[in-house]
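A.B. asks: got a predicted structure plus its sequence, pasted below:
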Amino acid sequence: MNAVKSILLRREIGIFAAIVVFCAIVGIANPRFLTTDNFRVILLLMPLVMVAAMGEMLVIIARHVDLSVGSTLGFSAMMTALMFKLAPGIPWYLGFGVAIGIGAVLGLINGAMIIAFRLPAIIVTLGTLYLYRGLTFIASDARQIDRQFIPGPLKAMSANSPTYALPWIVIIAVAVVLITYWFANHSRLGRQVYAIGSNPAAAPLRGIPVTAVTLAVFSISGALAGLAGIMYASRWAFVNPSNTGWGFEFQVIAAVVIGGVSINGGVGSVLGVVLGVLLLSCVSAALPLLGIAGTVQSAIYGLVIIIALVIDQTVRERGILALASARSARP
């Protein structure tokens, strides 16, 4: 356990150092990057990815992956926006329950198919990525829900708050992070997630209900993607079936693996994922200031995912070698 903690600590320090160095370099190239206004831009880039990344973190720690989070976000956002359009008198805050509930059901479907048919999560969620996206087009008749149908109080959550620097959607993201930290580190189910990821073969022998835990992590991932969906409607004040959540899964997975969550399962921390989200948000905010086209962003995400996977594999192999060396040195 001490070895795992030390690995996580080194990774988090490395991510933080990368953020500092990156911000310093960009700040020298363009001093506007280090202004208060740009700090607010970075803050507003973080909440959606942060919320979905908490669920994705749990899925990956359990040795799975959820590629459908972007489509889940889009479908949840669209269904909630359609509800506001068709029933304009409905209380706006009920949209949170609807979006989270829809996301949870979609996540549960992912988990159920993985368990029932014993298929790899990457195959199942690749399929539901396109399935849920197609359902979004069907439900909306391929039409955008414009800003006049999004309730004013919901749109205000991305601008208003007790402080200038922290709009309500940022506060919601912080609350999700704190709850996830407690869940992962202090709840029985959270410990079971780590146990399954560390040794899935041994988990049933220890009495861990693998099926129930798998369904739970995918439901949580879907629910948080649904929450990110209504936060999207708040942030941008419209929902378009073509681009809402499109490519979002790559941002989320990039943030998680950059944050030190092992793709091999069993290893990862909330703090690391928060730092991963912060680093990606800094990169996104820096691109326009440096005159780099936004289309390059996808290539950057792909590159950082590859780099993070190489680092993860290197650390894992060194950990295995160190453990083997320690065992051989025992009398």
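C.D. replies: Great, that's in hand.

A.B. asks: where's Gly272, which helix or strand?
C.D. replies: helix 270-289 (DSSP states H and E).

A.B. asks: buried ones in that helix?
C.D. replies: For helix 270-289, the neighbour count (16 or more other Cβ atoms under 10 Å) marks 270-287, 289 as buried. Yep, even glycine has a C-beta here, placed from its N, CA and C like the rest.

A.B. asks: Tyr301 contacts Ala254, doesn't it?
C.D. replies: Yes. Between Tyr301 and Ala254 there is a contact under Cβ atoms under 8 Å: 4.6 Å.

A.B. asks: where along the stretch 201-331 of the chain do the helices fall?
C.D. replies: Taking DSSP state H, counting those that start in this stretch as the criterion, the stretch 201-331 of the chain carries its helices at 210-236, 248-258, 270-289, 296-329.

A.B. asks: Pro151 is nearest to which of those?
C.D. replies: helix 210-236 (9.2 Å; Cβ to Cβ).

A.B. asks: the closest one vs helix 248-258, what angle?
C.D. replies: Computed by axes from the mean of the first three to the mean of the last three Cα atoms, to 10 degrees, the angle separating helix 210-236 from helix 248-258 equals 120 degrees.

A.B. asks: average model confidence for helix 210-236?
C.D. replies: Confidence for helix 210-236, expressed as mean pLDDT, is 97.

A.B. asks: re earlier: which strands and helices sit next to the helix holding Gly272?
C.D. replies: helix 2-29, helix 36-61, helix 168-186, helix 248-258, helix 296-329 (3 or more Cβ pairs under 8 Å, 6 or more residues apart in numbering; DSSP states H and E).

A.B. asks: and of those, who's closest to Ser71?
C.D. replies: helix 248-258 (7.8 Å).

A.B. asks: can you put the helices and strands packed on helix 270-289 in a markdown table and add distance to Tyr194, mean neighbour count and mean pLDDT?
C.D. replies: Formatted as a markdown table, the helices and strands packed on helix 270-289 follow (distance: least, Cβ to Cβ, whole Å; neighbours: other Cβ atoms under 10 Å; pLDDT from 0 to 100):
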| stretch | distance to Tyr194 | mean neighbour count | mean pLDDT |
| --- | --- | --- | --- |
| helix 2-29 | 9 | 14 | 77 |
| helix 36-61 | 6 | 23 | 94 |
| helix 168-186 | 8 | 17 | 96 |
| helix 248-258 | 15 | 26 | 91 |
| helix 296-329 | 15 | 13 | 64 |
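
A.B. asks: let's have those helices in CSV, adding distance to Ala223.
C.D. replies: Shown next, in CSV, are the helices and strands packed on helix 270-289 (distance: least, Cβ to Cβ, whole Å):
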stretch, distance to Ala223
helix 2-29, 26
helix 36-61, 7
helix 168-186, 10
helix 248-258, 14
helix 296-329, 24
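
A.B. asks: between the ones you listed, which one is nearest to Asn110?
C.D. replies: helix 36-61 (9.1 Å).

A.B. asks: next secondary structure element downstream of that closest one?
C.D. replies: Following helix 36-61 toward the C-terminus (DSSP H and E): helix 69-86.

A.B. asks: just the C-alphas of that next one, formatted as PDB.
C.D. replies: C-alpha atoms of helix 69-86 as PDB (Å, rounded to 0.1, in the frame of the first residue of the first chain):
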ATOM      1  CA  VAL A  69     -20.000   9.500 -21.800                       C
ATOM      2  CA  GLY A  70     -20.100  12.100 -24.600                       C
ATOM      3  CA  SER A  71     -23.200  10.600 -26.200                       C
ATOM      4  CA  THR A  72     -24.800  10.200 -22.700                       C
ATOM      5  CA  LEU A  73     -24.100  13.900 -22.100                       C
ATOM      6  CA  GLY A  74     -25.700  14.800 -25.400                       C
ATOM      7  CA  PHE A  75     -28.800  12.600 -25.000                       C
ATOM      8  CA  SER A  76     -29.400  13.700 -21.400                       C
ATOM      9  CA  ALA A  77     -29.000  17.400 -22.400                       C
ATOM     10  CA  MET A  78     -31.300  17.000 -25.300                       C
ATOM     11  CA  MET A  79     -34.100  15.200 -23.400                       C
ATOM     12  CA  THR A  80     -33.900  17.800 -20.600                       C
ATOM     13  CA  ALA A  81     -34.000  20.700 -23.100                       C
ATOM     14  CA  LEU A  82     -36.900  19.100 -24.900                       C
ATOM     15  CA  MET A  83     -38.800  18.800 -21.600                       C
ATOM     16  CA  PHE A  84     -38.200  22.500 -21.000                       C
ATOM     17  CA  LYS A  85     -39.400  23.300 -24.500                       C
ATOM     18  CA  LEU A  86     -42.600  21.100 -24.400                       C
END
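
A.B. asks: thanks a lot, catch you later.
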